[in-house]
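S.K.: Sharing a model prediction with you, sequence too.
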Amino acid sequence: MNEPIIILDGLTKQYDQLVAVDHLHLTIYRGEIFGLLGPNGAGKSTTILMLLGLTEPTSGKVRVCGIDPVTHPVEVKRKVGYLPDNVRFYDDLTGLENLIYTGQLNRMTKKQAREKALGLLSRVGLSGAAHQKAGTYSRGMIQRLGLADVLMKDPEVIIMDEPTVGVDPKGAKEFLELILKLSKEDSITVLLSSHYLLQVQEICDRIGLFVRGKLIAVGDISSLSRELFANEPFIIEATVQHPLSAYSDSNRIVDLQQLLAKIEGVKQVVVEHERVKIFAAKDIAPQVARTIVHAGLDLISLSRREHGLEDIYQRYFEKETEIAV
Ligand code: ADP
Ligand code: MG
């Protein structure tokens, strides 16, 4: 996986005052499934449009399969299959007819296109609906037809914008597994964007976390969390109780917070009722236990863990408006 297929070098897109994509540097390699993950408005779609030559960068460079989409958009489109977030087909044509039409646009004879289309409909699980009008397809079926459609031209790269939006969770999971299977079978590089980290992380070889136009971390999930929480890799969670009255003595809890904050390596202490969460640069579980007991509180439970997907999700996806980067 060492051959670069997509290269972004300082890619920037500005709309008036708004910098939608801010100096993006990224390399995606052949055969990789790369997830561009980020909350709504992060700049994912804008990035994708620049990759396809559908909108021009304000500055910076893009290369897709060695081609510059700014100067050679047609050549890029020949190599890249693009599934937009609002993919549409001709409602009055059947699924098969839609694919044949695409094939003919890509210079196939009708016979070649039909043969290829039937094969692809079977691969995406739509054989039974081949002769049904696309207007009657569900959203999930349209996405599958979209995948077959982009495969009609044997692309080197598939770019999908929010491929699971509007599809129910089960359908989304199946669709993502289908993408994984087809891309591995045909060695196709896949770039997909999504704001569902939990959903797509399973099929992505690497993920780029994209927030407010900036790529803030790149890697697989575990290196992503290491990168994002490099200064506070440990979380220690404790449940405490005042031996006499659990909640009335709130001063003691505040005192505890201050005492814990003084332990070397502690970055942040969050107290929610009887639950205390300590973010720390080192594993200080024993010191935490001692401090709680010395403060005259009962230690009910103590656990330690490393940051994971859930923490990334909570910090960057759930509280979109509170992010400070
Ligand atoms: P995402 O796909 O991650 O949700 P977008 O790339 O669609 O994000 O949008 C990024 C930002 O750029 C948003 O703030 C959006 O409002 C803005 N934006 C997108 N397209 C345009 C446009 N054509 N004109 C002005 N602003 C735009
Ligand atoms: Mg978008």
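M.R.: Sure thing, it's come through. Ligands and ions are numbered 1, 2, ... in the order given.
S.K.: Just grab the bridge partners of the residue positioned nearest the centre of the chain for me.
M.R.: Nearest to the geometric centre of the chain sits residue 37, at 2.8 Å (CA atoms, centre = their mean). Beta-bridge partners recorded for residue 37 (DSSP bridges): residue 194, residue 209.
S.K.: gap between it and residue 206?
M.R.: Distance of residue 37 to residue 206, computed by CB to CB, to the nearest Å: 10 Å. No exception for glycine: its C-beta is placed from N, CA and C like everyone else's.
S.K.: Indicate whether stretch 195-208 makes contact with ligand 2.
M.R.: No. Stretch 195-208 lies out of reach of ligand 2 by CB under 5 Å from the ion, never closer than 8.0 Å.
S.K.: which parts of that stretch are buried?
M.R.: By neighbour count with 16 or more other CB atoms under 10 Å, stretch 195-208 contains the buried residues 195-197, 199-201, 203-208.
S.K.: what sits up against it?
M.R.: Contact with stretch 195-208 is made by 1, 26, 32-40, 42, 44, 162, 164, 169, 172-173, 176-177, 179-180, 192, 194, 215, 217-221, 224, 309, 312-313, 316-317, as judged by CB atoms under 8 Å, 6 or more residues apart in numbering.
S.K.: Buried among the residues you listed? Need that as a selection in PyMOL.
M.R.: One line in PyMOL is enough to select the buried ones among the contacts of stretch 195-208; burial here means 16+ other CB under 10 Å:
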select buried, resi 26+32+33+34+35+36+37+38+39+42+44+162+164+172+176+179+180+192+194+215+217+218+219+221+224+312+316+317
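S.K.: in its sheet, what does whichever strand or helix holds residue 279 sit against?
M.R.: Using DSSP states H and E, residue 279 sits within strand 275-280. Counting by DSSP bridges, the strands paired with strand 275-280 are strand 234-241 (antiparallel), strand 266-272 (antiparallel).
S.K.: domains of the protein?
M.R.: 4-220, 230-306 (automatic domain parsing).
S.K.: can those go into CSV with extra columns for mean pLDDT?
M.R.: Listed next are the domains of the chain as CSV, based on pLDDT from 0 to 100:
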stretch, mean pLDDT
domain 4-220, 95
domain 230-306, 84
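S.K.: now, of those, which is deepest in the fold?
M.R.: domain 4-220 (a mean of 18; mean count of other CB atoms under 10 Å).
S.K.: Regarding the nearest residue to residue 35 once chain neighbours are set aside, what is its secondary structure?
M.R.: Nearest residue to residue 35 in three dimensions, chain neighbours excluded: residue 204, at 3.7 Å (CB to CB, 6 or more residues apart in numbering). Secondary structure, DSSP: H, G, I helix; E, B strand; the rest coil: residue 204 is coil.
S.K.: Now do the same contact list for residue 148.
M.R.: Contacts of residue 148 by CB under 8 Å, 6+ apart are 95, 99, 117, 120-121, 123-124, 126.
S.K.: In helices, which of those fall?
M.R.: Counting by DSSP state H, the part of these found in helices is 95, 99, 117, 120-121, 123.
S.K.: so who does residue 62 touch?
M.R.: Residue 62 sits next to 6-9, 11, 50-51, 68-70 when contact means CB under 8 Å, 6+ apart.
S.K.: Residue 302 now?
M.R.: Residues near residue 302 by CB under 8 Å, 6+ apart: 236-239, 285, 288-289.
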